[in-house]
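K.L.:
Could you work out the structure for the sequence below:
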Amino acid sequence: MTTGTCAFALRPRRAPQLGPALRPGLRKARAADVMAKVRAPYIYSTFTVDLGWTPSQYELWLAHAMPQLVLRPELLSDPR
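P.N.:
A predicted model of the protein is given here:
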């Protein structure tokens with residue numbers, strides 16, 4: 001797994017720094033759990049080995065999925 005696409009997505013210990021940016025009702029500890037689990041090696045393996053995704057496809061998915069899972073919706077507007 002590479003680490004260049006989304007620094008936020010690849011550093012679950014950042015959850016304590018997110019504070020008010022977290023989804024309503026999502027505690028920092030739970031956000032850290034979600035971030036750690038979504039990027040667990042077996043999840044990476046499932047996508048890349050079992051499902052045939054490339055590492056780049058997984059990384060792109062993770063970079064988009066992680067914020068959706070833990071951040072407040074109003075912070076996720078697409079700038080395009």
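
K.L.:
What helices and strands are in contact with the top helix by length along the chain?
P.N.:
The single longest helix within the chain, with elements called by DSSP state H, is helix 55-70. Helices and strands touching helix 55-70, by 3 or more Cβ pairs under 8 Å, 6 or more residues apart in numbering; DSSP states H and E, are helix 28-38. For the C-beta atoms, the positions are set from N, CA and C on the backbone; glycine is no exception.

K.L.:
Tell me which helix or strand comes right after the helix it packs on.
P.N.:
Later in the chain than helix 28-38, the nearest helix or strand by DSSP states H and E is helix 41-45.

K.L.:
avg pLDDT for that next one?
P.N.:
Here helix 41-45 scores 96 as its mean pLDDT.

K.L.:
That one - contacts with which helices or strands?
P.N.:
Partner elements for helix 41-45 (3+ Cβ pairs under 8 Å, 6+ apart): none found.

K.L.:
quick one: the longest helix of the chain to helix 28-38, angle?
P.N.:
Here helix 55-70 points in a direction 160 degrees away from that of helix 28-38 (axes from the mean of the first three to the mean of the last three Cα atoms, to 10 degrees).
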